[in-house]
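Q: sharing a model that was predicted from the sequence below.
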Amino acid sequence: GAVVSQHPSWVICKSGTSVKIECRSLDFQATTMFWYRQFPKQSLMLMATSNEGSKATYEQGVEKDKFLINHASLTLSTLTVTSAHPEDSSFYICSAREGSGVFGEQFFGPGTRLTVL
Amino acid sequence: AQTVTQSQPEMSVQEAETVTLSCTYDTSENNYYLFWYKQPPSRQMILVIRQEAYKQQNATENRFSVNFQKAAKSFSLKISDSQLGDTAMYFCAFMKLGGGGATNKLIFGTGTLLAVQP
């Protein structure tokens, strides 16, 4: 099946620093990737939709200047948390959709745990 | 806006028994997909089963089946012959179709934590 990787799997950083998380589709081309945030024992909340070669579409309430998303190729999207603060600590999950038709299954990455001290 | 409701925060079932997880959703759309995803302790999201709204026949995938009631906007998951490896958080999800295939997105319920007891 289709595989999506995320790097790093976990990261600890100091408050005020920036952190970049990579999401890669390993064996398929993904025109669309999605970024989710999940707090402990809670559901996945969509942060933004990333389309290759264009600007990401952010969900209401998500600060686009704080969560920078780049989808420069059909296999790579990055999420950069700028000037991270403890409240940004969370589990970040990406998914990649195969194909560009009406429906393409989303394949999820294993997630990245971010802890901001 | 679409919403997905899972009214059972936690459930428990004995190994080899059958369990049903509930999900209701609210939408004015006619064309959509419904999903059940499993998130085990590893946190990796895994697609369990998918139902197209235009299909009347309930989807089945080995030990997993759904009861899709479109008029009632209900989409329950039945797990037969429960196994220890089924222990996980289960999320119901909705996806509207149309409006641009590149932007269809998943809306998740709050999840049901299922524990399979030996």
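A: Great, that's in hand. Numbers count the residues shown, from 1 in each chain, chains lettered A, B, ... in the order given.
Q: roughly how far apart are A:F28 and chain B?
A: Distance of A:F28 to chain B, computed by C-beta to the nearest C-beta, to the nearest Å: 15 Å. C-beta coordinates here come from the backbone N, C-alpha and C atoms, glycine included.
Q: my read is that residue is in a helix, agree?
A: No: looking at A:F28 with DSSP: H, G, I helix; E, B strand; the rest coil, it is coil, so not inside a helix.
Q: wait, it sits on A:R97?
A: No: counting by C-beta atoms under 8 Å, A:F28 sits too far from A:R97 to count as a contact (9.4 Å).
Q: looking at those two, which one has more neighbours?
A: A:R97 (26 against 17; other C-beta atoms under 10 Å in any protein chain shown).
Q: from A:S50, how far off is the more buried one?
A: Using C-beta to C-beta, to the nearest Å, we find A:R97 at a distance of 10 Å from A:S50.
Q: thinking again about what came up before, identify the contacts common to A:F28 and A:R97.
A: A:F107 (C-beta atoms under 8 Å, 6 or more residues apart in numbering or on different chains).
Q: any shared contact partners between A:R97 and A:S50?
A: A:T32, A:M33, A:F34.
Q: those residues: which ones sit near chain B?
A: A:T32, A:F34 (C-beta under 8 Å from any C-beta of the partner chain).
Q: do I have it right that B:I49 meets B:W36?
A: Yes: distance between B:I49 and B:W36: 5.1 Å, which falls inside the contact criterion (C-beta under 8 Å).
Q: so A:L74 sits against A:Q29, correct?
A: Yes: counting by C-beta under 8 Å, A:L74 does reach A:Q29; the two are 4.0 Å apart.
Q: shaky segments in chain B?
A: Scanning chain B for pLDDT under 70 picks out B:98-103.
Q: got it, and chain A?
A: Short version for chain A, where the test is pLDDT under 70: A:1, A:99-103.
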